[in-house]
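>>> Take this sequence and fold it.
(chains A, B, C and D)
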Number of protein chains: 2
Amino acid sequence: MTSPGSPEGTKEEADACRFERDPFQWDVREDCQVRQILDRIADKWSLLVIALLDEKTLRFGELVREIDGISKRMLTVTLRNLERDGLVGRTVYPEVPPRVEYELTPLGRTLLGTTQALVSWSEEHQEQIARARQEFEAANGAD
Amino acid sequence: MTSPGSPEGTKEEADACRFERDPFQWDVREDCQVRQILDRIADKWSLLVIALLDEKTLRFGELVREIDGISKRMLTVTLRNLERDGLVGRTVYPEVPPRVEYELTPLGRTLLGTTQALVSWSEEHQEQIARARQEFEAANGAD
DNA sequence: CTGAATCCGAGTTGATACTG
DNA sequence: CAGTATCAACTCGGATTCAG
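The predicted model follows:
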């Protein structure tokens, strides 16, 4: 990956959010762009949508059915946000009945590695976490 | 986080959440362990706390001051959740005044790579996203 | 100093009904 | 089919207060 400290940023806003000391220590100001982006892609549904769109474009209804528990409303909102951020593309086919397909943009594709890593981590450690929870509950009498 | 009426907590259910076909296609059931874990580590503050605890243990007050915008309440809640999941360790020193230090557990450390990747991605693509947003607003008359 | 408990407003989400 | 509109429910988060 690219080095975080690339000094090309003349944007003063971005500047305030860059790595400042070590690569592992970052400035966590609330108005930071990174924070906003993180909040978006790490929300409840975005990761799932991105993951599902990895292989093939999907229609709205297909996404609703694939994602257990999502409402049409939230899917619409999520899709809009992703579209807004240039991560997902939306194509309307002027047919009857209407058909709308969603697909990852090249930018959206660059996220795949990371999201998959997150999911994989969760997968690999879910048992360990479950165990930790049990111990915690046991030690603290569950609330 | 967890849905109000969602029954959870069965160990064998985790099985239903594993990758089933391709490495990129996962089951996205709502009661999936992975989903729950994802919701936890991807929440508004957890990533920041984990990142800050990477280098050194920190006291409660230090974390409050480091994380711009967080309240004591939310830090307490976040810390407790992370502790519950075994990602963060809590050490109380029976002194006066009281001192409590937080540190990453080995399990918590395994998350660092992924979280850093996420942050790096956000860093590297923030301008691209900002541009995409502008275009989107322009095209859609900025709702 | 740490942090639990309570109150309460604000923002989010879901169910339903409706439109093109 | 693909959304939008609306309202009610819910949750989150902050301020404050209290306790060890």
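
>>> for A:Glu103, phi and psi?
For A:Glu103, the backbone dihedrals are phi -150, psi 160 (criterion: degrees, to the nearest 10).

>>> Distance-wise, check the nearest residue to A:Ile129 once chain neighbours are set aside relative to B:Ser46.
Leaving out its chain neighbours, the residue that sits closest to A:Ile129 by CB to CB, 6 or more residues apart in numbering or on different chains is B:Asp85, at 4.9 Å. From N, CA and C alone the C-beta is placed, and that goes for glycine too. Per CB to CB, to the nearest Å, B:Asp85 is found 9 Å from B:Ser46.

>>> just A:Ser120 next, same as before
A:Ser120 is 18 Å from B:Ser46, by CB to CB.

>>> Please say which of the two ends up with more neighbours.
Ranked by neighbour count (other CB atoms under 10 Å in any protein chain shown), A:Ser120 and B:Ser46 place B:Ser46 first, with 22 against 15.

>>> hang on, isn't that one packed against B:Leu82?
Yes - counting by CB atoms under 8 Å, B:Leu82 is a contact partner of B:Ser46 at 6.2 Å.

>>> Which residues are in contact with each of those two?
Contact with both B:Ser46 and B:Leu82 is made by residues B:Arg40, according to CB atoms under 8 Å, 6 or more residues apart in numbering or on different chains.

>>> Name the residue closest to the centre of chain A, please.
Closest to where the C-alpha atoms of chain A average out (CA atoms, centre = their mean) is A:Ile41, at 2.7 Å.

>>> Next one: it from DNA strand C, what distance?
Distance of A:Ile41 to DNA strand C, given as CB to the nearest atom of the strand, to the nearest Å: 13 Å.

>>> Show the backbone phi and psi for A:Gly61.
Dihedral pair for A:Gly61: phi -60, psi -30, per degrees, to the nearest 10.

>>> and chain A, which of its residues are near DNA strand C?
A:43-44, A:69-74, A:77, A:97-98 (CB under 7 Å from any atom of the strand).

>>> quick one: which of these is nearest to B:Phe136?
Using CB to CB, the shortest approach to B:Phe136 within the residues of chain A next to DNA strand C belongs to A:Val77, at 14.4 Å.

>>> How about the helix or strand containing the closest one and DNA strand D, any contact?
Assigned by DSSP states H and E, A:Val77 belongs to helix A:72-84. Yes - Helix A:72-84 comes into contact with DNA strand D (CB under 7 Å from any atom of the strand), by way of A:72-73, A:76, A:79-80.

>>> want to try CSV for those residues, with distance to B:Pro106 as columns?
Below are these laid out as CSV (distance: CB to CB, whole Å):
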residue, distance to B:Pro106
A:Lys72, 42
A:Arg73, 41
A:Thr76, 41
A:Leu79, 38
A:Arg80, 40
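
>>> list the helices and strands the biggest helix by length in chain A packs on?
With secondary structure taken from DSSP state H, chain A has its longest helix at helix A:112-140. Counting contacts by 3 or more CB pairs under 8 Å, 6 or more residues apart in numbering or on different chains; DSSP states H and E, helix A:112-140 packs against helix A:46-52, helix B:33-41, helix B:72-84, helix B:106-109, helix B:112-139.

>>> continuing past the third one, what's the next helix or strand?
Read that as helix B:72-84. Note on helix B:72-84: by DSSP H and E, the next helix or strand toward the C-terminus is strand B:88-93.

>>> ok, the residue of chain A found nearest DNA strand D to A:Ile67 distance?
For chain A, the residue closest to DNA strand D is A:Gly61, as judged by CB to the nearest atom of the strand, at 2.8 Å. A:Gly61 is 11 Å from A:Ile67, where distance means CB to CB.
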